[in-house]
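> Turn this into a structure:
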Amino acid sequence: IDLFANLGIHPDRYYWMSDIYPTGAMDPYIRTALDRAHVVRDLYRRVSNVQHPDTWHPVLVICETCGKVGTTIVTNWDGERVYYEGRKNLVTWAHGCGSSGWVEPFGGRAKLPWNLEWAAQWRLFGVTIEPCGKDLATAGGSRDRSDAVAREVFEREPPIIVPYDFLNIGGRKMSTSKGRGAA
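Residues are numbered from 1 along each chain as shown. Below you'll find the model as predicted:
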């Protein structure tokens, strides 16, 4: 936000996904992704050779016990609730608490994985053009997966892509996730 101000850019609003999920605005996309989990698994295999087991479902539940989202995996969907497991060693950067159970994944209790969230944002916000770094625009990369999700899961054409090379700011690679650069 400070970078925008330093560039003389003063947006009239910012969107924070942590504020949007609890409103229920993402709920239809979560439901669609869960209903079409087999399509998501197939396109991940086909587009980028990412192999998820047939029990994997494309949603990240916030554990009701420890509050972590990166350590949970959803293995079942009954049309209203998901079954999740908080796995202790699912990722190397965090440890889950081992809790499991059924929960409704709506109203901010879950989020979509990155590629699905990106495609859902395009539809939710009416995005028609979006630049991205060359790392995301590589064949089989994030943009290809998100484009396929947009078309095959959310039934929308993805926005026009404008890939750019890495930009350096102050001698370091621009990285919006690290607060260096502009989205």
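> can we go C-alpha only for contacts and neighbour counts from here?
Fine.
> Secondary structure class of residue 124, three-state.
At residue 124 the chain is in helix, as set by DSSP: H, G, I helix; E, B strand; the rest coil.
> List the residues that contact it.
Listed by Cα atoms under 8 Å, 6 or more residues apart in numbering, the contact set of residue 124 reads residue 25.
> Give the pairing partners of the lowest-mean-pLDDT helix or strand in the chain; include direction for each.
One helix or strand of the chain scores below all others by mean pLDDT, DSSP states H and E: strand 168-169, with a mean of 74. Strand 168-169 has its sheet partners listed here by DSSP bridges as strand 172-173 (antiparallel).
> Low-confidence ranges, this structure, go.
Residues of the chain meeting the criterion pLDDT under 70: 176-177, 179-183.
> Find the nearest non-adjacent residue to residue 160, please.
residue 129 (4.4 Å; Cα to Cα, 6 or more residues apart in numbering).
> Can you pull the phi/psi pair for the one you found?
Main-chain torsions, residue 129, degrees, to the nearest 10: phi -150, psi 140.
> Next, count neighbours for it.
Using other Cα atoms under 10 Å, residue 129 has 11 neighbouring residues.
> Could you pull up the residues touching it?
So residue 129 contacts 159, 160, 161, 162 (Cα under 8 Å, 6+ apart).
> I'd say the second one and residue 132 touch.
No - counting by Cα atoms under 8 Å, residue 160 stays clear of residue 132, with 10.5 Å between them.
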